[in-house]
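A.B. asks: make a model of this:
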Amino acid sequence: MGKLFYIMGKSASGKDKIYGRLLDNEELDLHHLVLYTTRPIRVGEKDGKQYFFVDDNKLRELRAQGKIIEERSYDTVHGIWTYFTADNGQLDLEHYNYIGIGTLESYEKLKEYYGEEILVPIYIDVEDGLRLQRAMKREGKQTEPKYQELCRRFLADCEDFSEENIAKAQIGRRFYNNEELETCINEVVEYIKSVVYS
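C.D. replies: Got it, this is the predicted structure:
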């Protein structure tokens, strides 16, 4: 049976870059689990790559069909944004290993749905001051920077990824991305190999 490696971390922890590099690593041969969101697409993102970008009507349609595995809605300064995972037939765990990205909450729901033996957590940790600097730099590159949303998300992540919640999700191992990105990526690659080939 294949594994679903699930990357988590607070905003601006580097998880998107790490996710992309792991997905591009031919030796690992990971397929990606694409989540859905109703938030607007950002500069540089592509529909079906980072997320399936959908509207509220599509969300209601999938919900009515009973295809939603987990969903989270956030009351942002720009309105309600929903992130969710749908069982759309994209996973073939009998033949492939997958990689996904999300929150502790989504990880727990996916673990309930697919089973603890399938879900493998990869928690990316970054010191908060450095994380805030990275978030400001990234947001400044947007056509219309949304600094209020950045601040809301930064504070919400501190709560969502509290030590209590990390312990509750039974996440023991952390991968630190405070210095060189390559070092963190190499550690994650070696970990994934150890899980797949154990």
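A.B. asks: which non-adjacent residue is nearest D29?
C.D. replies: Spatially, and ignoring its direct neighbours in sequence, D29 is nearest to N97 (7.1 Å; CB to CB, 6 or more residues apart in numbering). C-beta coordinates here come from the backbone N, C-alpha and C atoms, glycine included.
A.B. asks: test my guess that that neighbour contacts L22.
C.D. replies: No: if you go by CB atoms under 8 Å, N97 and L22 don't touch, sitting 10.7 Å apart.
A.B. asks: any common contacting residues for those two?
C.D. replies: Common neighbours of N97 and L22, counting by CB atoms under 8 Å, 6 or more residues apart in numbering, are 5, 28, 30.
A.B. asks: need the pLDDT of A167.
C.D. replies: At A167, the pLDDT value in this model is 95.
A.B. asks: residues in contact with the host helix or strand of it?
C.D. replies: According to DSSP states H and E, A167 maps onto helix 163-168. Contacts with helix 163-168, where a contact means CB under 8 Å, 6+ apart, come from 104, 123.
A.B. asks: start at 100 instead
C.D. replies: Renumbered: residue one is now 100, and that last one reads helix 262-267.
A.B. asks: can I get it as CSV, trimmed to CA atoms?
C.D. replies: Output of helix 262-267 as CSV, limited to C-alpha atoms (Å, rounded to 0.1, in the frame of the first residue of the first chain):
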residue,chain,number,x,y,z
GLU,A,262,2.5,22.9,20.9
GLU,A,263,-0.7,21.3,22.3
ASN,A,264,-2.2,20.8,18.9
ILE,A,265,1.0,19.4,17.5
ALA,A,266,1.2,16.9,20.3
LYS,A,267,-2.5,16.0,19.9
